[in-house]
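*Asks:* Starting from these lines, generate the structure:
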Amino acid sequence: MANDFDLVVIGAGSGGVRAARMAAGHGARVAIIEERFFGGTCVNVGCVPKKLFAYGAGFANEFQLAADYGYTVDGWSFDWATLRDNKTREIARLNGIYRRLLDNAGVTVFEGHGRIEGPGRVSVDGDRQLSAGHILIATGGKPFVPEFPGNERVRISDDLFYLDKLPDTVAVVGGGYIASEFASILNGLGVTVHQLYRRELFLRGFDHDVRVFVAEQMGAHGVKLHFNTDVASVQERDGRQVLNLTGGGELVVDEVFYATGRVPRLDGLLADGVSLDTGDNGAVRVDDQLRTSMDGVYALGDVTDRLQLTPVALAEGTWLAAWLFAKDKPQGPVDYRDVPTAVFCQPNIGTVGLTEEQALERHATVRVYRGRFRPMRYTLGDIQEKTLVKLIVDDASDRVVGLHMAGEEAAEITQGFAVAIRMGATKADFDATLGIHPSSAEEFVTLRQGETVSR
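*Replies:* Residues are numbered from 1 along each chain as shown. Reported below is the predicted structural model:
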């Protein structure tokens, strides 16, 4: 029958599209339902447009650097509308690619709101009924703004990508990777940026040395950091936004962006009388096979709040499709160990494995190797750009259990070393590897002076 499917996927983001395509490739009859945009957060209001904006934000520094190499670049100017609209055109192109991938795979696409009516039953916009052998929830997450007087005046991270004009002064509230990236992007585009975070140091969960170093460097680049600071209320005055701070005082800016975390997107997902087990933050609980508390219903990606990373959702989608429909079942569940990640603030952060703090929880004694240097490309002028590299080694086994970098091309460099970390490379392996000279990456294989730290 036309409305009978082996798998119905709700949400056409990275994980949902991957699961649908792979399942169809294994011979399953697959439908996918999407009410907003194809490609999900990453393609539309996340990692892709953010990275494009981060590239754009770096050119002012590049123009300054070019002068040190003999280039005359006086008189350059920046047009926000050009960057914004070029980005929008590229996102539209990617949307089309995602839709064609689904069509070419033989996936039936429904544009509308998907709702689980019960085991094996899904509706589209409340009327069209689909039956499904399996249901996959891949609805992702959405920005969270806390309740406080005037919160209707603030913007969320999605809004940055479509601003009519670039403000002169902004407040970015939050201390995670999104807030830090947005603060860096806006600062690089010439906006006066105040970043406010309610704790003593941002980027909680990252290695402490990296957090301190990035705060130092972002401050040096011009971002005005306000730690131990929170917003009590926001009000309008003479067309500007006035932030009344919890510790007293106020901050006046043109726009306020909140990046205080994301929550699972479950709006209208379940019909009356239908429920799923969720965590305290609303995330759908799943087991190692991505099964929810309802028979035949699975969930993956940001809606489960395990690791909010596109490659993780892609891996989960690939694994689930094979586990459900492939002739040769995959070995074991998805492995979440040593997942590399990056933050595209200024400076960039790349990290894989354990932080120093996490390593000391698991290992009695670790050796810590640090290097801090000025990249070679800045040595012809006065730009004081710095880079930090750090290795964490389990002293008992000599295995490198953590690798961290803050500096130019951190993501590109970390991705390569992630293979070595994943394979269990030791510090002796790093020491025996010859570096590419001169490069920043070689610093990881030339670190010799370490500090022994015990619990």
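
*Asks:* All the helices of the chain, in order from the start?
*Replies:* Using DSSP state H, the helices found in the chain span residues 14-25, 40-45, 47-57, 59-68, 80-105, 157-160, 177-188, 208-221, 310-325, 356-362, 410-422, 427-432.

*Asks:* and Ser439, which of the ones you listed is closest to it?
*Replies:* Among these, helix 410-422 comes nearest to Ser439, with 8.7 Å by Cβ to Cβ. In short, each C-beta sits where N, CA and C put it, glycine included.

*Asks:* Give me the angle between that closest one and helix 47-57.
*Replies:* 130 degrees (axes from the mean of the first three to the mean of the last three Cα atoms, to 10 degrees).

*Asks:* Can I get helix 410-422 as PDB, trimmed to CA atoms?
*Replies:* What follows is helix 410-422, C-alpha atoms only, in PDB (Å, rounded to 0.1, in the frame of the first residue of the first chain):
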ATOM      1  CA  ALA A 410      43.300  23.600  14.800                       C
ATOM      2  CA  ALA A 411      40.400  21.600  13.300                       C
ATOM      3  CA  GLU A 412      42.400  20.500  10.200                       C
ATOM      4  CA  ILE A 413      45.400  19.500  12.300                       C
ATOM      5  CA  THR A 414      43.400  17.700  15.000                       C
ATOM      6  CA  GLN A 415      41.400  15.600  12.500                       C
ATOM      7  CA  GLY A 416      44.600  13.900  11.300                       C
ATOM      8  CA  PHE A 417      45.900  13.200  14.800                       C
ATOM      9  CA  ALA A 418      42.500  11.800  15.800                       C
ATOM     10  CA  VAL A 419      43.400   8.700  13.700                       C
ATOM     11  CA  ALA A 420      46.500   8.200  15.800                       C
ATOM     12  CA  ILE A 421      44.600   8.700  19.100                       C
ATOM     13  CA  ARG A 422      41.900   6.300  18.000                       C
END
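
*Asks:* Give me the distance from it to the chain's centre.
*Replies:* 17 Å (Cα atoms, centre = their mean, to the nearest Å).

*Asks:* Take the helices of the chain and lay them out in a markdown table including mean neighbour count.
*Replies:* Below are those laid out as a markdown table (neighbours: other Cβ atoms under 10 Å):
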| stretch | mean neighbour count |
| --- | --- |
| helix 14-25 | 27 |
| helix 40-45 | 24 |
| helix 47-57 | 19 |
| helix 59-68 | 14 |
| helix 80-105 | 15 |
| helix 157-160 | 18 |
| helix 177-188 | 25 |
| helix 208-221 | 18 |
| helix 310-325 | 22 |
| helix 356-362 | 15 |
| helix 410-422 | 18 |
| helix 427-432 | 15 |
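
*Asks:* Adding mean pLDDT, write those helices out as JSON lines.
*Replies:* As requested, those are arranged in JSON lines below (pLDDT from 0 to 100):
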{"stretch": "helix 14-25", "mean pLDDT": "98"}
{"stretch": "helix 40-45", "mean pLDDT": "96"}
{"stretch": "helix 47-57", "mean pLDDT": "98"}
{"stretch": "helix 59-68", "mean pLDDT": "96"}
{"stretch": "helix 80-105", "mean pLDDT": "97"}
{"stretch": "helix 157-160", "mean pLDDT": "96"}
{"stretch": "helix 177-188", "mean pLDDT": "98"}
{"stretch": "helix 208-221", "mean pLDDT": "98"}
{"stretch": "helix 310-325", "mean pLDDT": "98"}
{"stretch": "helix 356-362", "mean pLDDT": "98"}
{"stretch": "helix 410-422", "mean pLDDT": "98"}
{"stretch": "helix 427-432", "mean pLDDT": "98"}
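
*Asks:* Quick one: those helices as CSV, columns for distance to Gln449 too.
*Replies:* CSV is the format used below for these (distance: least, Cβ to Cβ, whole Å):
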stretch, distance to Gln449
helix 14-25, 42
helix 40-45, 40
helix 47-57, 33
helix 59-68, 30
helix 80-105, 44
helix 157-160, 41
helix 177-188, 30
helix 208-221, 15
helix 310-325, 34
helix 356-362, 16
helix 410-422, 19
helix 427-432, 12
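
*Asks:* Please name whichever of these is nearest to Gly126.
*Replies:* Of the helices of the chain, nearest to Gly126 by Cβ to Cβ is helix 14-25, at 20.2 Å.

*Asks:* Which residues outside the closest one are in contact with it?
*Replies:* If you take Cβ atoms under 8 Å, 6 or more residues apart in numbering as the criterion, helix 14-25 is touched by 6-7, 9-10, 12, 30-32, 34, 38-40, 42-43, 98, 101-102, 105-107, 136, 138, 300-301, 310, 313-314, 316-318, 320-322, 324-325.

*Asks:* any idea how far Gly70 lies from Pro438?
*Replies:* 20 Å (Cβ to Cβ, to the nearest Å).

*Asks:* So what's the residue count around the closest residue to Thr278 other than its chain neighbours?
*Replies:* Spatial nearest neighbour of Thr278, excluding adjacent residues (Cβ to Cβ, 6 or more residues apart in numbering): Val284 at 5.7 Å. Neighbour count for Val284, taken as other Cβ atoms under 10 Å: 25.
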